[in-house]
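Asker: sequence plus predicted model, see below.
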Amino acid sequence: MAEQVSRWIMQAAYLLSGVLYVHSIEARPGSRKKTAAMLLGMIVFFGVLNRHYVYIDFRVEMAARMLGFVLLGIMNYVGHMLSFFAAFYYAIWAFCSWQLMYEWYLVCLHMGEDYWRDRQLQLWVTEALIFGIGYLIVALSIGRMIPDKGRKNIGPRQLLLALLTFLIFQIVVFVPGNLEYSFHDLRWVVVYIVQFLLCIVLYLQNELFKKSEMRKELEILGLLWQKEKEHYQLSRDNISFISQKVHDLKHHIQAMRNASAQEVERYLQEMEGSIMTYEAIIQTGSVVLDTILTEKTLYCKDRGITVSCMADGSQMDFINTVDLYAILGNALDNAIEEVQKLQEQEKRQIDVLIYRKQHLLAVHVTNPMVGALEYEDGLPVTTKGSRQLHGFGLRSIRHILKKYHGFLTIQEEDGFFSLLMLIPIPMTTSDALTTT
């Protein structure tokens, strides 16, 4: 009976290990019932393990624990605003933390068996001390650093390396053979040190990927600085363009005072053309989006490029202003650069569609193109001289979209280049209530 209770305590500690790494991450809307169902399923799963005494064979026990690991990853995904990869990444950390403490518990249990008269008291006190103190240390140290307040983006490469490390972590356990015998010749010390070092490797992997993300962020900042310079020049050109039109209008009005009927008609037509310049001012429901589209449209109008835009900016509030400017600015700059190569005036056309598609924000930019493009890493290779300063636009778009769990699709068909960005729209409380 005492060992049955001890197993249930260990299993409860296993479930608690998952909380150590995801407790600071926002819960998924409407996930309470699903999380409760998953929790109940895991309790039933552990009950079956206890009933059939799978712990008698250590290898069977580890196979059961692997199934428990999968269930823990799914529970992380169901209960929190995490990507599928991130959910299992945190499950790896949770399982490793629990297993290190569980194995240390077995060691302490064996080393202290000659000093305890009450076997039941030994089991429960040892468990309480090992898991209690261990989880407190984890919660105050690694448990705070690894989740990065839910901002961490786990890619397939990082998860694959973490799973490989985790697999080696598990295989090492079988090296000593019988666990009981390993206590006598201290082989468990080597195993435990190797496992601890593998956890350090896992941590170093995390830090390397974090530094890689920081490097990309610095590249993005450098690009944005370059874009700010271009934006300043564009604003100057637009102001100069509008000032020139206003100056022309003043001269037309003065000339019309003493002009004939035919001259007046000609002046009116010229004035109408000048006034149409201001039709480039776009209103979408988003001040940031209006600014970007208006600036780019004025720039294009002055260069004989037509921009057709249908945009619903009311769905874009969740995107950071700088990120939004970088995404759309780069997409439009690439389109402008391509259509400027076309000689036929009627082909110099850029189409912009921004709309909501279920729970996704779709940003679709289409333009005609000259010839075929070369691709590298899934993105077109720049035709300009330096790849350090140019050709970074689409890479920066893809990098920023990852922050919002979005993705980028590029298509080349019938002489047209199509750029489609899909970004999940965060669910509001009202959306969650409607869904449930």
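Answerer: All right, it came through fine.
Asker: for the rest of this, base every contact and every neighbour count on C-alpha atoms.
Answerer: Fine.
Asker: contacts only, for residue 88.
Answerer: Neighbour list for residue 88: 70, 72, 73, 74, 76, 77, 159 [criterion: CA atoms under 8 Å, 6 or more residues apart in numbering].
Asker: make JSON lines out of these and add neighbour count and secondary structure.
Answerer: Output for the contacts of residue 88, formatted as JSON lines (neighbours: other CA atoms under 10 Å; DSSP: H, G, I helix; E, B strand; the rest coil):
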{"residue": "70", "neighbour count": "14", "secondary structure": "helix"}
{"residue": "72", "neighbour count": "26", "secondary structure": "helix"}
{"residue": "73", "neighbour count": "22", "secondary structure": "helix"}
{"residue": "74", "neighbour count": "17", "secondary structure": "helix"}
{"residue": "76", "neighbour count": "29", "secondary structure": "helix"}
{"residue": "77", "neighbour count": "24", "secondary structure": "helix"}
{"residue": "159", "neighbour count": "18", "secondary structure": "helix"}
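Asker: okay, now the residue lying closest to residue 14 once chain neighbours are set aside: neighbour count?
Answerer: Leaving aside its chain neighbours, residue 14 sits nearest to residue 98 (6.0 Å; criterion: CA to CA, 6 or more residues apart in numbering). Applying other CA atoms under 10 Å, we find 23 residues neighbouring residue 98.
Asker: quick check, pLDDT for residue 98.
Answerer: Listed pLDDT for residue 98 reads 89.
Asker: state the distance from it to residue 198.
Answerer: 14 Å (CA to CA, to the nearest Å).
Asker: same deal with residue 64?
Answerer: 22 Å.
Asker: residue 423 now?
Answerer: In terms of CA to CA, residue 423 sits 36 Å off from residue 198.
Asker: again with residue 146
Answerer: 16 Å.
Asker: rewinding a little: redo the contacts of residue 88 as TSV? Include distance to residue 142.
Answerer: Shown next, in TSV, are the contacts of residue 88 (distance: CA to CA, whole Å):
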residue	distance to residue 142
70	22
72	19
73	18
74	22
76	18
77	20
159	18
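Asker: residue 35: which of those is nearest?
Answerer: Of all these, residue 35 sits closest to residue 76, with 8.6 Å by CA to CA.
Asker: residue 167 and residue 66: what is the separation?
Answerer: Applying CA to CA to residue 167 and residue 66 gives a distance of 10 Å.
Asker: overlap in contacts of those two?
Answerer: By CA under 8 Å, 6+ apart, no residue touches both residue 167 and residue 66.
Asker: follow-up on the earlier one: just the element for the residue nearest to residue 14, please.
Answerer: Using DSSP states H and E, residue 98 sits within helix 84-111.
Asker: enumerate the positions of the next helix or strand after that helix that are buried.
Answerer: Counting by DSSP H and E, the element after helix 84-111 in chain order, helix or strand, is helix 119-140. Within helix 119-140, the residues that count as buried by 16 or more other CA atoms under 10 Å are 122, 123, 124, 126, 127, 131, 135, 138, 139.
Asker: avg pLDDT for the helix or strand that helix 119-140 is followed by?
Answerer: For helix 119-140, the following helix or strand on the C-terminal side (DSSP H and E) is helix 142-145. Helix 142-145 carries an average pLDDT of 80.
Asker: show me what helix 142-145 is packed against.
Answerer: With contacts defined as 3 or more CA pairs under 8 Å, 6 or more residues apart in numbering; DSSP states H and E, helix 142-145 has these neighbours: helix 2-22.
Asker: any idea of the mean pLDDT in the following helix or strand past the helix it packs on?
Answerer: The first helix or strand that comes after helix 2-22 along the chain, using DSSP H and E, is helix 32-51. For helix 32-51, the mean per-residue pLDDT is 78.
Asker: ok, and what's touching helix 32-51?
Answerer: Against helix 32-51 from outside (CA under 8 Å, 6+ apart): 4, 7, 8, 11, 55, 64, 68, 71, 75, 78, 79.
Asker: just send these back as a markdown table, with distance to residue 89, pLDDT and neighbour count too.
Answerer: Listed next are the contacts of helix 32-51 as a markdown table, based on distance: CA to CA, whole Å; pLDDT from 0 to 100; neighbours: other CA atoms under 10 Å:
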| residue | distance to residue 89 | pLDDT | neighbour count |
| --- | --- | --- | --- |
| 4 | 30 | 64 | 13 |
| 7 | 25 | 70 | 19 |
| 8 | 25 | 73 | 15 |
| 11 | 20 | 76 | 19 |
| 55 | 26 | 52 | 14 |
| 64 | 19 | 76 | 16 |
| 68 | 14 | 82 | 20 |
| 71 | 13 | 87 | 19 |
| 75 | 12 | 87 | 24 |
| 78 | 14 | 86 | 23 |
| 79 | 15 | 86 | 23 |
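Asker: now, which of the residues you listed sits nearest residue 405?
Answerer: residue 78 (16.2 Å).
Asker: and that closest one, what element?
Answerer: Judged by DSSP H and E, residue 78 forms part of helix 58-79.
Asker: now residue 353
Answerer: Residue 353 belongs to strand 349-357, assigned by DSSP H and E.
Asker: tell me the strands beside that strand, with direction?
Answerer: The strands that strand 349-357 pairs with in its sheet are strand 306-311 (parallel), strand 360-368 (antiparallel) (by DSSP bridges).
Asker: are we agreed that residue 370 is in a helix?
Answerer: No. Going by DSSP: H, G, I helix; E, B strand; the rest coil, the assignment for residue 370 is coil, not a helix.
Asker: tell me how far it lies from residue 334.
Answerer: Residue 370 is 13 Å from residue 334, by CA to CA.
Asker: the more surrounded of these two?
Answerer: For the pair residue 370 and residue 334, the greater number of neighbours falls to residue 334 (17 against 13), based on other CA under 10 Å.
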